[in-house]
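[1] task: produce atomic coordinates for the following.
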Amino acid sequence: MASSKEYLEFILGQLSGLDDITYRAMMGEFIIYYRGKIIGGIYDDRLLVKPVKAAISYMQETSYEVPYDGAKEMLLVDEVDDKEYLTGLFDVMYDELPAPKPRKSQNRAERK
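    Alright, predicted model coming up:
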């Protein structure tokens, strides 16, 4: 089941207090970026985030879910109705998230 654009818009609205929240549609789901780093995504209308230590400490209850077959487990965020909680979660996670990988050049001539 693909995620709905309405659920994406709801989550983006809940995160509107943060700067530089972006997303990318991918195979019917949405990858969420915070200040250029992948923080998680929306899968089957569920907000899942990377299981970094800060997120595990911040969340009172943790539930691991698989976003799609063959993927690594992620943390299910149940408290999406609490805007302050959600923005706090993203803020505490940011420093632990890996830096974005440099984009590979499309053209070999550009590398020379």
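
[2] poorly predicted segments of the chain, please.
    1, 105-112 (pLDDT under 70).

[3] find the centremost residue of it, please.
    Compute the mean C-alpha point of the chain, and by C-alpha atoms, centre = their mean the closest residue is residue 40, 2.0 Å away.

[4] helix or strand: which one has that residue?
    Counting by DSSP states H and E, the element that carries residue 40 is strand 37-43.

[5] what packs against the helix or strand following that strand?
    As assigned by DSSP H and E, the chain's next helix or strand after strand 37-43 is strand 46-49. In terms of contacts (3 or more C-beta pairs under 8 Å, 6 or more residues apart in numbering; DSSP states H and E), strand 46-49 is packed against strand 37-43, strand 74-76. C-betas here are computed from N, CA, C, even on glycine.

[6] how about residue 99: what's its closest non-neighbour residue?
    residue 37 (6.9 Å; C-beta to C-beta, 6 or more residues apart in numbering).
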